[in-house]
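Visitor: Predicted coordinates and the sequence they were generated for:
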Amino acid sequence: MENGAAPTVPAVIVAIDGPSGTGKSSTSKAVAAQLGLSYLDTGAQYRAITWWMVTNGIDTDDPHAVAAAAGKPEIVSGTDPAAPTITVDGVDVAGPIRTQEVTSKVSAVSAVPEIRARITELQRSIAAAAPLGIVVEGRDIGTTVLPDADLKIFLTASAEARAARRSGELKGADVNATREALIKRDAADSSRKTSPLAKAGDAVEVDTTALTLPQVIECVVTLVEEKRAGK
Ligand SMILES: Nc1ncnc2c1ncn2[C@@H]1O[C@H](COP(=O)(O)OP(=O)(O)OP(=O)(O)O)[C@@H](O)[C@H]1O
Ligand SMILES: Nc1ccn([C@H]2C[C@H](O)[C@@H](COP(=O)(O)O)O2)c(=O)n1
């Protein structure tokens, strides 16, 4: 460099989508940390607004009631991949949003168009504010939220592999029941009318069934570096 200044790297936007348990969160956090990028877990935002609906007695099976309340809670996401945070009206909900009750209701709440419009706007503003770029993971990031992302990845894995991973996490949960619950949630998320779970036409599909987590991370880091190098 003529003036001795460090070369600047343009911000990079990475969208990682895929069904439940394919490794989106683990991969996205590690890739963002390794590359010095911000990280956004959009599933946590849908879980947070679902938690608020449940806590405030809104019938999550009534789309009109959910839509009417969509603008009420304030959702704030912290985007440090080493310590991501999620609050609702200032309350840390990182634990409560992972309960079985929230998991069983989040697909219905996230199918409501008013909920998606609100959360999508929030996601776009967070991505635009990330100084060096961001890894955003979810279901509709490449198709709807950030259609101009520099790199789009669609992670997949067999239902068996995903259930085994989740059962290990839930310490001894029944693998068959876990598998059925994953399949049911994926079906609901894929069949909703507004921005369903889908692979963008220009996404790179990575089947993680037979890959270790470090292998998946390495694969995605390589894809980002290739993209940055203009390959
Ligand atoms: N390639 C892999 N091999 C083995 N285990 C993995 C792999 N990728 C992720 N895991 C494990 O699988 C579990 C689910 O991963 P993770 O939470 O990252 O998936 P996800 O796609 O974000 O799921 P969800 O959409 O339900 O939030 C975690 O325990 C994680 O450590
Ligand atoms: N971009 C997104 C992200 C998530 N959702 C919904 C559908 C999921 O079942 C739910 C929870 O996501 P998870 O924490 O399992 O990643 O949130 C969505 O509709 N769009």
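Guide: Yep, that arrived. Ligands and ions are numbered 1, 2, ... in the order given.
Visitor: what about the protein, any weak spots by pLDDT?
Guide: In the predicted model, the chain carries pLDDT under 70 at residues 1-7, 170-172, 231.
Visitor: at 50 what do you get?
Guide: 1-2 (pLDDT under 50).
Visitor: Residue 8: what secondary structure?
Guide: Secondary structure assignment for residue 8 (DSSP: H, G, I helix; E, B strand; the rest coil): coil.
Visitor: and it, how many neighbours?
Guide: 8 (other CB atoms under 10 Å). Where C-beta positions appear, they are placed from N, C-alpha and C, glycine not excepted.
Visitor: so how far is ligand 2 from it?
Guide: Distance, residue 8 to ligand 2, by CB to the nearest ligand atom, to the nearest Å: 30 Å.
Visitor: what's near enough to touch residue 180?
Guide: Contacts of residue 180 were listed using CB atoms under 8 Å, 6 or more residues apart in numbering, and none were found.
Visitor: any idea how far the helix or strand hosting it is from the chain center?
Guide: Using DSSP states H and E, residue 180 maps to helix 175-191. Computed by CA atoms, centre = their mean, to the nearest Å, the chain-centroid distance of helix 175-191 equals 17 Å.
Visitor: Please report the number of neighbouring residues for residue 158.
Guide: 14.
Visitor: Please apply the same query to residue 102.
Guide: 22.
Visitor: picking up where we left off before, what element comes up after the helix holding residue 180 heading to the C-terminus?
Guide: strand 204-207.
Visitor: and that next one with ligand 1, contact?
Guide: No. Judged by CB under 6 Å from any ligand atom, strand 204-207 and ligand 1 are separated, with a smallest distance of 9.6 Å.
Visitor: Report all helices and strands that the helix or strand that that strand is followed by contacts.
Guide: Remark: after strand 204-207, the chain's next helix or strand is helix 213-228, criterion DSSP H and E. In this structure, helix 213-228 packs against strand 12-17, helix 24-35, strand 151-156, strand 204-207, with contacts taken as 3 or more CB pairs under 8 Å, 6 or more residues apart in numbering; DSSP states H and E.
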